[in-house]
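Student: Pasted the sequence and its predicted model underneath.
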Amino acid sequence: MFGNRITLFKLFGFEVKIDISWLILAVLITFTLARGFFPHYYKGLPLLTYWWMGLSGALGFFASIIFHEFWHSFVARRYGVPMKGITLFIFGGVAEMGDEPPNAKTEFLMAIAGPISSIFLGFGFFGINLLIPRSDPLLPMKGVIGYLAYINLILAAFNLLPAFPLDGGRILRSAIWKWTDNIRWATRVASWTGSFFGIALMILGILSIFQGNFIGGIWFFVIGMFVKNAAQISYQQVLLRNVLAGKRVGNFTKLDPVFVPPSISIEQFVEEYFYKYHFKMFPVVENTNIVGCINIAQVKNIPRNEWNLHTVRELAKKCLPENTISPEADTLKALSLMKQNGNTKLMVVEDRKLIGIVTLKDILQYFSARMDMEEYSGK
């Protein structure tokens with residue numbers, strides 16, 4: 001889902017990050033508030049004041065999103081669901097789960113925590129706004145706090161839509177899960193509603209564009225497309241977990257993997273291995289034991305005319321733990337490692353011996369075959 005991310009800080013053990021796409025949203029919200037919202041409702045203020053109000057409103061909005069996602073994460077941790085952190089991105093924020101909730105009750109409590117926190121903030125800001133007089137020195141502050149009251153209640157209402165993976169969709173999934181005791185079926189129904197709402201938002205966006213509201217229409221369309229795609233992806237992830245649950249990495253391991261002897265020259269390595277196989281990284285093996293790893297970036301540090309003077313052993317470095325996995329490990333762990341590191345292959349190692357290679361392609365081909373068979377058999 002995310003590209004380059006920057007870690008901002010830690011909040012009670014949860015890493016808060018921003019995706020680069022968030023900067024687009026930050027600029028758009030600041031501009032909209034400074035040039036549209038605040039001048040419309042609070043007339044006669046200096047232009048610079050409107051920009052300060054816009055910036056303050058945008059920062060307050062993103063702090064509200066972090067607060068919303070923090071309560072999702074806090075409840076998840078309370079019930080033993082691993083959380084990877086909170087990420088701000090172009091469509092708001094997300095609390096990234098390391099695993100699915102263990103039961104319907106946990107799903108419900110995690111999902112409802114976010115909207116409740118936003119409602120709490122909304123009414124809190126509303127109460128503060130009532131206490132601030134509408135006088136010149138305090139008018140900008142009153143305007144920003146009034147906006148934060150409004151936007152938090154909107155945030156809660158939007159998230160309560162029964163459109164998976166929004167909070168309302170997760171609440172719907174928890175209810176169906178509790179009723180049927182089947183997370184797969186519950187996710188399927190919730191994903192249907194998510195896709196429906198996503199398509200509805202896209203249609204609303206197109207209609208808005210034709211009615212002259214170009215910017216609003218584009219946002220409705222893009223958000224609808226995001227909700228629709230996220231709903232479908234979430235369902236696929238649940239299917240993947242169900243199909244691969246309990247499956248060992250050893251079941252998907254390709255034996256007799258390509259490896260590099262430590263005694264050959266760098267020139268031989270480039271000519272006979274890198275140019276032939278085009279892998280990002282190669283295991284270095286001696287007497288069936290893995291002694292390290294080598295990649296082309298290490299070779300680039302050696303002048304071309306010296307390649308025949310150096311051996312692979314000299315350049316090989318210890319293989320990173322995230323590039324190796326045990327044949328007894330759960331396949332879902334292998335997928336998690338691949339996702340974290342951007343790799344599509346992992347070395348399968350046991351007692352320092354290279355057993356083989358597990359690839360994302362092989363795992364997904366198995367998943368696809370299982371889905372085709374279940375569809376054929378009518379499951």
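Tutor: Okay, I see it. None of the values given here were measured: they were computed from a predicted structure.
Student: distance of Leu315 from Pro321?
Tutor: With distances taken as Cβ to Cβ, to the nearest Å, Leu315 is found 20 Å from Pro321. Placement of C-beta: from N, CA and C, glycine included.
Student: more crowded one of these two?
Tutor: Per other Cβ atoms under 10 Å, whichever of Leu315 and Pro321 has more neighbours is Leu315, with 19 against 9.
Student: okay but that one is in contact with Ile294, surely?
Tutor: Yes - taking contacts as Cβ atoms under 8 Å, Leu315 lies within contact range of Ile294: 5.6 Å.
Student: I'd assumed Gln236 was in contact with Pro165.
Tutor: No - Pro165 lies out of contact with Gln236 (Cβ under 8 Å); the separation is 11.9 Å.
Student: higher neighbour count, the two?
Tutor: A count of neighbours by other Cβ under 10 Å puts Pro165 above the other of Pro165 and Gln236, at 21 against 14.
Student: Let's see the pLDDT reported for that one.
Tutor: We note a pLDDT of 83 for Pro165 in this prediction.
Student: quick one: what helix or strand has it in it?
Tutor: Secondary structure from DSSP states H and E places Pro165 outside every helix and strand.
Student: With adjacent residues omitted, what lies nearest to it?
Tutor: Counting by Cβ to Cβ, 6 or more residues apart in numbering, Pro165 lies nearest to Ser234, which is 4.8 Å off, once chain neighbours are set aside.
Student: List the buried residues in the host helix or strand of that neighbour.
Tutor: If you go by DSSP H and E, Ser234 is part of helix 214-244. Buried residues in helix 214-244, defined by neighbour count with 16 or more other Cβ atoms under 10 Å: 217, 219-221, 223-224, 226-228, 230-232, 234-235, 238-241, 243-244.
Student: from what I can see Asp167 touches Leu109, true?
Tutor: No - the criterion here is Cβ under 8 Å, and Asp167 misses it with Leu109 at 11.3 Å.
Student: more crowded one of those two?
Tutor: Taking neighbours as other Cβ under 10 Å, Asp167 and Leu109 compare with Asp167 leading, 25 against 17.
Student: correct me, but Val270 touches Arg304?
Tutor: No - the pair Val270 / Arg304 is not scored as a contact, 9.4 Å apart, by Cβ under 8 Å.
Student: for the closest residue to Ala231 other than its chain neighbours, what are its contacts?
Tutor: Nearest residue to Ala231, sequence neighbours excluded (Cβ to Cβ, 6+ apart): Gly194, at 2.9 Å. Gly194 makes contacts with Ala163, Phe164, Pro165, Leu166, Gly169, Val227, Lys228, Ala230, Ala231, Ser234, as judged by Cβ atoms under 8 Å, 6 or more residues apart in numbering.
Student: Redo these as CSV? Include distance to Thr30.
Tutor: Listed next are the contacts of Gly194 as CSV, based on distance: Cβ to Cβ, whole Å:
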residue, distance to Thr30
Ala163, 27
Phe164, 31
Pro165, 27
Leu166, 25
Gly169, 30
Val227, 24
Lys228, 28
Ala230, 26
Ala231, 30
Ser234, 31
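Student: Give me the mean pLDDT for stretch 229-237.
Tutor: Averaged over stretch 229-237, pLDDT sits at 85.
Student: And for stretch 264-281?
Tutor: Mean pLDDT, stretch 264-281: 88.
Student: Could you check which of Val270 and Arg304 has the larger neighbour count?
Tutor: Remark: of Val270 and Arg304, Val270 carries more neighbours, 15 against 11, as counted by other Cβ under 10 Å.
Student: For the host helix or strand of Val27, buried residues please.
Tutor: Assigned by DSSP H and E, Val27 belongs to helix 22-32. Using 16+ other Cβ under 10 Å as the burial criterion, the residues of helix 22-32 that qualify are Trp22, Leu25, Ala26, Ile29, Thr30.
Student: do you know how far the second one is from Asp372?
Tutor: Think Leu25. 40 Å.
Student: Next: the third one.
Tutor: As defined by Cβ to Cβ, Ala26 lies at a distance of 44 Å from Asp372.
Student: and if you look at Val299?
Tutor: Distance of Val299 to Asp372, computed by Cβ to Cβ: 42 Å.
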